[in-house]
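Peer 1: with the input below, show me the fold.
(2 chains)
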Amino acid sequence: MRFDLTEEQEMVRETARRFLENEAPLSRVRHAFDSTEGFSRETWRKECELGWAALAAPESAGGFSASGARGQDLAIIAEEMGRLIGAGPFIPTAVVLDALGRAVEPAAHEDLAQRVVAGEALVAWAFGESGGRWDPTTFDTRVRTDGGEVVVDGAKAYVEAGAQAEALLVTATSDQGVLQVLAPVDAPGVTVIPNRSIDFVRRFAEVRFEGVRLPRSALVTAAPGAAQVERQLQLALLLQCAETNGAVERAFEFTVDYMRDRFAFGRAIASYQALKHRLADMLLRIHSAMATTDAGLEAFDAGAPDAGKLARVAKAYVSSRATAIVSDLVQLTGGLGVTWDHDLHLYERRVALNRAIYGTPEHARAEVHRMIFQ
Amino acid sequence: MTPSDADADGQLESLEAFGARAQAWIAQNLRPRRETPVSREEAQATGKALQAKIFDAGFAGVAIPKAYGGLGLTLDHQRVWAEATRDYETPGNYMVSIGMMLPTVLDHGSEAVKRRHIPRMLRGEEQWIQLLSEPSGGSDMAGALTRAERRGGCYVINGSKMWSSGAGTADYGICLARVNWDAPKHQGLGMFALPLKAKGVTINPIIPAQGGEAHFFIEYLDEVEVPEEYVLGAEGEGWTVAQRLLFHERNATAGVGYGLGLGGGTGGTSESSWRLDLPALARRHGRTEDPTIAAQLAEDHIEAVVGEQLATRINAGMRTGKLQGQWGSLLKLGMGIDCPANAELALAVAGADGVVWSGDNEGGEVVKQWLRVRGVSIAGGSNEIQRNIVSERLMGLPREPGDDKNTPFNELLRRAKARS
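Peer 2: The predicted structure follows:
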């Protein structure tokens, strides 16, 4: 997290950390491993009472801002969630609220937005498609107009909280370009298939749309809506980076503490250059990861022309370094690090998940390459 | 805390007012930076004239107290100056003298030396350098074997120093020497402002592996006399002063602290840059879409971008006081890892045309960069030393065990001899 947070942002951060430590410690995360939903709706509702979802919503829907910079505010929560493998569907909630607040007719979705902000309703973002496709400019899922209705056909994959949400923001292709509609999961023709993920508490779903007919008022982003979809992807990538940073920072902290106390050959293993030099390199990567995430968020909040590139730079850097660092933390921890009872694998699971969702760092690198030479 | 002079009302000039004043002067008096490289001789000559011009206009030493010829403002003001001059010709050869040595003199010099020499350093009339490493050791700097003996009203220095950049044209060197051989190694040192044009100083160039001009020198010191007031810090405080000097050096190298805005120069492609512009190189060689290097080219760009973002972050941490201590080391380590990787990738981008060319010895910029790039991961504290600093001083991890901190230096030497 950045060093120059405003006082109000600092307060948001401290409150979030205290809440998670008290209400959602790792013991609870472990407990949720076998649960269907992964997260507790009650805890999520309390988190929303603290204003976490509100940070992504316009004032008319009960939203508020700690600093006037939405991305940077939201990233504070994401990072804190990362530190303790937070469970609630924070990123999709933030993305969908951002879209609803900027909808063609915000009033049409205000009731839902208010209930989402209060933690009473859950929403999900149906964006990715099977085969690990996250291209924000083209989808196999299509929307066409038919008289006074819109009709959705296709399939979405990797939809976080898709089986828990009451409505899905569906990003799709139309004859006029990319657009987004809000689909209730109980609309005829919608089939939600719950998936399992490597993460302890994050649940995903596949969703099929077969001739799903919705009223015109379901339209959230009109075609051509590529700019809004790109904006959502940037926000999702950057919040995911912030969450990953929190996870890596926390795993690093407890591993370093362990290395101070663990003795081998008569001294703390943290005193060996062969090991502590690796920790120095990790600290460099951790601060770099936070720096590039913050710079990406700043560009996002300012609507800077290079915001798209900086979001990919952050994704490429953060995701690939995170898995490398946490995996090496296991190495430094020794045998204990590969056991179920040690907490490191909770962090390995989260950073491995985040590495792949919304695109891989390899994908982001290819995007950066395209942007450098275009 | 930056030393700063407030005006009579206790008010410092605001950053905005200073920025406006600086921009107005810059637009009138400085030329836009040239696209083409400039020869070293020319850079040195224009640099000296430019530094004098900037000093005379009252813009040199932004964060240096007025009593010593500076502006008495803060490092934030210096950042404003650095940003305002970014696209203009600025002196490029004062990073060491003004960015590293001057603040060390400011921290530890006698009042007489500060008043006499800091204005001259700021105007570019005197160049100061460091004399720390020795032929017998660089990383273990506290193991210095150069000897300083007090005789009458002065110190007499004997020994040799190495890896001092710019010694060929410099006026003073800040020299670490042993004053007490019975004290443990860190406690028996003194630091001296040594006149390089004095009797007994022999300076020889060290030709770098890539050939061409020498950046570094080796000095032989034979009965060189240094007046007492030219001791920096107290007689046995040489190590403390050295730490401070290295702190300023790391900051300046990393583009923070007193070195801000001094790394410019007059020419376009800076020959001293530790990074090659690989997208440009790939375009020249028609390899922008080469699938064997495409991902690495992107990664190189990402490292370059993230490196700058990290410097911004560390700056903010130091400015707000949330980071205490030698965080410049983290940036130095980052460069020490990234730049060799950049040079290595340049070999891949240029391929055979990077190592064989038509014409004389002037070509081969790519492979010559690769030959010189380890300078950045060795000079100013090697990557390994930076990793010690990061892990031990920033993270507070325990040192490797050893008794070199408490044993009389003479005894250490005796033991080393007995073992070999």
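Peer 1: how about the residues of the stretch 201-350 of chain B that lie near chain A?
Peer 2: Proximity of the stretch 201-350 of chain B to chain A (C-beta under 8 Å from any C-beta of the partner chain) is limited to residues B:279, B:282-283, B:288-289, B:294-295, B:297-299, B:301-302, B:305-307, B:309-310, B:312-314, B:316-317, B:319-320, B:322-323, B:330, B:333-334, B:337. (Glycine included, C-beta is placed from N, CA and C.)
Peer 1: from the residues you listed, which would you call buried?
Peer 2: B:279, B:282, B:288, B:294-295, B:297-299, B:301-302, B:305-307, B:309-310, B:312-314, B:316-317, B:319, B:323, B:330, B:333-334, B:337 (16 or more other C-beta atoms under 10 Å in any protein chain shown).
Peer 1: quick one: the closest residue to A:Gly359 other than its chain neighbours from chain B, how far?
Peer 2: Distances taken as C-beta to C-beta, 6 or more residues apart in numbering or on different chains place A:Trp134 nearest to A:Gly359, at 4.2 Å, with adjacent residues excluded. The gap separating A:Trp134 from chain B is 17 Å, by C-beta to the nearest C-beta, to the nearest Å.
Peer 1: please report how far A:Trp134 lies from B:Val305.
Peer 2: For A:Trp134, the distance to B:Val305 (C-beta to C-beta, to the nearest Å) stands at 22 Å.
Peer 1: next: B:Thr74.
Peer 2: Distance of B:Thr74 to B:Val305, computed by C-beta to C-beta: 28 Å.
Peer 1: quick check: which element contains the residue in the stretch 51-200 of chain A positioned nearest to chain B?
Peer 2: Nearest to chain B in the stretch 51-200 of chain A, going by C-beta to the nearest C-beta, is A:Gln72, at a distance of 13.3 Å. Taking DSSP states H and E as the definition, A:Gln72 sits inside helix A:70-83.
Peer 1: quick check: mean pLDDT of that helix?
Peer 2: Across helix A:70-83, pLDDT averages out at 98.
Peer 1: what's the answer for stretch B:168-176, then?
Peer 2: 95.
Peer 1: how long is that stretch end to end?
Peer 2: 19 Å (C-alpha to C-alpha, to the nearest Å).
Peer 1: could I get the buried residue list for it?
Peer 2: B:Gly168, B:Ala170, B:Asp171, B:Tyr172, B:Gly173, B:Ile174, B:Cys175, B:Leu176.
Peer 1: how distant is that stretch from the center of its chain?
Peer 2: Computed by C-alpha atoms, centre = their mean, to the nearest Å, the chain-centroid distance of stretch B:168-176 equals 13 Å.
Peer 1: ok, residues contacting the host helix or strand of A:Val220?
Peer 2: Element membership for A:Val220 (DSSP H and E) is strand A:219-221. Strand A:219-221 has contacts (C-beta atoms under 8 Å, 6 or more residues apart in numbering or on different chains) with A:99-100, A:102-105, A:109, A:150, A:169, A:178-182, A:228-229.
Peer 1: one more time with 6 Å
Peer 2: For strand A:219-221, the external contacting residues (C-beta atoms under 6 Å, 6 or more residues apart in numbering or on different chains) are A:Ala99, A:Ala103, A:Val104, A:Leu179, A:Gln180, A:Val181, A:Leu182, A:Gln228.
Peer 1: so B:Gly236 is in which element?
Peer 2: Using DSSP H and E, no helix or strand contains B:Gly236.
Peer 1: element containing the residue lying closest to it once chain neighbours are set aside, please.
Peer 2: Counting by C-beta to C-beta, 6+ apart, B:Gln187 is the residue found nearest to B:Gly236 once chain neighbours are left out, at 5.8 Å. For B:Gln187, there is no helix or strand it lies in under DSSP H and E.
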